[in-house]
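S.K.: From the sequence below, what's the structure:
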Amino acid sequence: MPYILMGSLAFLLFIIYDINSVTVDYRPLRGGFFLGCLLLIAATVEIISSSIANMGGLTGRTAGFSALACIFLILLVYTLFFAIPFKKTYIKPNQRPETCTTGIYALSRHPGVLWFVGFYFSLWLALSGSLLLTAAILFCLLNLFYIILQDRWVFMKIFADYGDYKKTTPFLIPNYRSLRRCVQTFHRTAWGGTS
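M.R.: Numbers count the residues shown, from 1 in each chain. Below you'll find the model as predicted:
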């Protein structure tokens, strides 16, 4: 259970980081996002280790769903750290940045959540265990709460054009138009140029 609390604390740090970013911008709190990432990674690794230790043995199902979890993890890391310019996103910009509306961010406004859910539930299907199921449900619910806060308040203050983005791109679940736009613009960089 301490690992569940550790993972939950990560989301509190994410929220503090975002609130700080749009309000007082207190320098010591700027590391909250990265500290939260480290806590969530550490908690997840420990929960996975515990689940593996409690398993009877590896099966074909374990291998298949573990591979699927790896695919979702790669998509999540790509979405958060490579689909958008790292420096402009996570290092304090000099001006209000524009919203990324191309590539993976044409799919939905929060595509990382889809990969996050896929990762945790694929892990649970691969390894079973009540601790992993609890983590999957709780972390996904906390992530949902976090992106609602971002979507309704934080991003409206950070991105000058976020209101327009909300009008053209689904919140979470892609539709035919957003999927088509994602495919058509995938070759572009986050800020409108081409790679």
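S.K.: contacting residues around stretch 64-76?
M.R.: If you take CB atoms under 8 Å, 6 or more residues apart in numbering as the criterion, stretch 64-76 is touched by 112, 115-116, 118-119, 122-123, 125-127. (C-beta placed from N, C-alpha, C; glycine too.)
S.K.: ranking these by neighbours, who comes first?
M.R.: Compared across the contacts of stretch 64-76, Leu123 has the highest neighbour count, 26 neighbours, by other CB atoms under 10 Å.
S.K.: any idea what it is structurally, helix, strand or coil?
M.R.: Leu123 carries the three-state label helix when classified by DSSP: H, G, I helix; E, B strand; the rest coil.
S.K.: In terms of pLDDT, where does it sit?
M.R.: In this model, Leu123 is scored at 96, pLDDT.
S.K.: Val22 too?
M.R.: The confidence metric pLDDT takes the value 91 at Val22.
S.K.: Let me know how buried it is, in neighbour terms.
M.R.: Residues near Val22, counting by other CB under 10 Å: 13.
S.K.: Now for it: which residues touch it?
M.R.: 153-154, 157-158.
S.K.: Quick check on those residues: which are buried?
M.R.: 154, 158 (16 or more other CB atoms under 10 Å).
S.K.: coming back round to it: from the contacts of stretch 64-76, pick the one nearest Ser8.
M.R.: The nearest member of the contacts of stretch 64-76 to Ser8, counting by CB to CB, is Phe116 at 14.4 Å.
S.K.: hang on, isn't that closest one packed against Leu144?
M.R.: No - using CB atoms under 8 Å, Phe116 is not in contact with Leu144; the gap is 9.4 Å.
S.K.: Could you tell me which residues touch both of those two?
M.R.: Common neighbours of Phe116 and Leu144 (CB under 8 Å, 6+ apart) do not exist.
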